[in-house]
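K.L.:
Kindly return the folded structure for what I paste below:
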Amino acid sequence: MANSAYIHIPFCEHICHYCDFNKVFLKGQPVDEYLQSLHKEMNMRASSRGNQPFKTIFVGGGTPTSLSERQLESFCQSIVKELPMDHTEFSFEANPGDLSEEKLKILKHYGVNRLSFGVQSFNDELLERIGRTHKSSEVYESIDKARKAGFTNISIDLIYSLPGQTLEDFKDTLEKALELELPHYSAYSLIIEPKTVFYNHMRKGKLRLPTEETEAEMYDLLIEEMEKAGMHQYEISNFSKKGYESLHNTVYWDNEEYYGFGAGAHGYLNNVRYSNHGPLKKYMAPLEEGNLPILSENPVSLVEAMEEEMFLGLRKTAGVSIDRFKEKFERDPLTVFEKPIVEMTNKKLLEVSENTIHLTKIGRFLGNEVFQAFIGVIND
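P.N.:
Okay, here's the model as predicted:
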């Protein structure tokens, strides 16, 4: 039985230039009606669980903290009522500057024990260039408020290889981030997604991005600085103090099942990957009729499950456990995926040890090439 849930709040007060997540401008939206629909979906999906508690809940967006204090309290009440949990990890995404002391009190009261701030950079000029509305000063204020409210498990997201960003600038951002002495950091290379402002700029030749070589240098610097600061790299883009790894995200990388609630959310239950309708009206209409808001359902075959086990598991620094793979699929991954394993090992992108298959340091930077090698190679 799935013990994790992702809940999507699609509202934003501002849309960033790189974001392709399912989101809408907050102003004029039926927020209260959406929260009621979300409550119905949680009730319908999770009612069959009985008293089985959830181990991880992750609320993302959009911007969950863009909800008003009243809406946030109502939403948290819905979660606690419909998704009882053992409070192993209850995470909320937040934007710097969004969390009032009252909102922090509400989150704390309902058992939220992990906050993830979308910081992206400590360079105010760069923040403006990528469409962020906060200033770096608000990062310090927000983290200070969160600590005073009793939150100790705090993470920040950074993005590198941004338009016009230099290696020196990224180094400065890393230094400022690490000075905060947080237990967890995520850092992602910018990906230009279709239907974003940056994608349109790129098509018009108006987007000046760092070279691939500079991007590789930034990634090297990231690993080096995190290591120096005593942060353990447990996944391609994630670093933490021991014991502060994101348990919820590890559910994805371990290829385990989870619920997905909300407009455009994805879930994985009973060997079926599903996605919900994204537009708010299309999401809410079925729920008004007592039906789940499903857009698509895709049963996962044995072959697909084994492929996913590899390309998701290889994201972790620890890699894929050979014993766990055998136990799950009754097949030996070294036999099933012999060809890509030999090919990627020869390229020095992959290593096989006694019980794991894992990426090398170079392999972590060229991860997508490795992951692609494991798709479409099984004949049966």
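
K.L.:
For the residue nearest to the spatial centre of the chain, which three-state class applies?
P.N.:
By CA atoms, centre = their mean, the mean C-alpha position of the chain lies nearest to Asn249, the distance being 6.4 Å. Under DSSP: H, G, I helix; E, B strand; the rest coil, Asn249 falls in the helix class.

K.L.:
Go ahead and confirm Gly60 touches Pro10.
P.N.:
No - in this structure, Gly60 is not within contact of Pro10 by CB atoms under 8 Å, at 9.9 Å. Backbone N, C-alpha and C define where each C-beta goes, glycine included.

K.L.:
ok, those two, which is more surrounded?
P.N.:
Pro10 (26 against 20; other CB atoms under 10 Å).

K.L.:
Kindly state the pLDDT recorded for that one?
P.N.:
Pro10 is assigned 91 on the pLDDT scale.

K.L.:
May I have the phi/psi pair for it?
P.N.:
In terms of degrees, to the nearest 10, the main-chain angles of Pro10 are phi -90, psi 10.

K.L.:
State the distance from the closest residue in space to it that isn't next to it in sequence to Ala265.
P.N.:
The shortest distance from Pro10 to any non-neighbouring residue, by CB to CB, 6 or more residues apart in numbering, is to Gly62 (4.4 Å). Applying CB to CB, to the nearest Å, the value for Gly62 to Ala265 is 11 Å.

K.L.:
what touches both of these two?
P.N.:
Residues touching both Gly62 and Ala265 (CB atoms under 8 Å, 6 or more residues apart in numbering): His8.

K.L.:
would you put the C-alpha positions of stretch 361-378 in PDB?
P.N.:
Taking C-alpha atoms only, stretch 361-378 is exported to PDB below (Å, rounded to 0.1, in the frame of the first residue of the first chain):
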ATOM      1  CA  LYS A 361      31.100  11.500 -10.700                       C
ATOM      2  CA  ILE A 362      31.100  12.200 -14.400                       C
ATOM      3  CA  GLY A 363      28.000  10.000 -14.800                       C
ATOM      4  CA  ARG A 364      26.200  12.300 -12.400                       C
ATOM      5  CA  PHE A 365      26.700  15.200 -14.700                       C
ATOM      6  CA  LEU A 366      25.800  13.100 -17.800                       C
ATOM      7  CA  GLY A 367      22.900  11.300 -16.000                       C
ATOM      8  CA  ASN A 368      20.400  11.700 -18.900                       C
ATOM      9  CA  GLU A 369      22.700   9.800 -21.300                       C
ATOM     10  CA  VAL A 370      22.900   7.000 -18.800                       C
ATOM     11  CA  PHE A 371      19.200   6.900 -18.000                       C
ATOM     12  CA  GLN A 372      18.300   6.800 -21.800                       C
ATOM     13  CA  ALA A 373      20.600   3.800 -22.300                       C
ATOM     14  CA  PHE A 374      18.300   1.700 -20.100                       C
ATOM     15  CA  ILE A 375      15.100   2.300 -22.100                       C
ATOM     16  CA  GLY A 376      14.000   0.000 -24.900                       C
ATOM     17  CA  VAL A 377      16.800  -2.600 -24.500                       C
ATOM     18  CA  ILE A 378      14.700  -5.500 -23.000                       C
END
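
K.L.:
Figure out how far that stretch is from the centre of its chain.
P.N.:
20 Å (CA atoms, centre = their mean, to the nearest Å).

K.L.:
Go through that stretch and flag the buried ones.
P.N.:
363-367, 370-371, 373-374, 377-378 (16 or more other CB atoms under 10 Å).

K.L.:
how about those, which pair is most distant?
P.N.:
Phe365 and Ile378 (26.5 Å; CB to CB).

K.L.:
List the buried residues in stretch 344-354.
P.N.:
For stretch 344-354, by 16+ other CB under 10 Å, it's 344, 349-350, 352.

K.L.:
same check, this time on stretch 38-57
P.N.:
Neighbour counts using 16+ other CB under 10 Å place 38-42, 44-46, 49, 54-57 of stretch 38-57 among the buried residues.

K.L.:
rewinding a little: let me know the closest of the buried residues of stretch 344-354 to Glu89.
P.N.:
Ranked by distance to Glu89 (CB to CB), the buried residues of stretch 344-354 are led by Leu350 at 30.1 Å.

K.L.:
tell me the phi and psi of that closest one?
P.N.:
Per-residue torsions, Leu350: phi -140, psi 150 (degrees, to the nearest 10).

K.L.:
now it, nearest residue through space, not along the chain?
P.N.:
Met344 (3.8 Å).

K.L.:
wait, is that neighbour part of a helix?
P.N.:
Yes - according to three-state DSSP, the state of Met344 is that of a helix.
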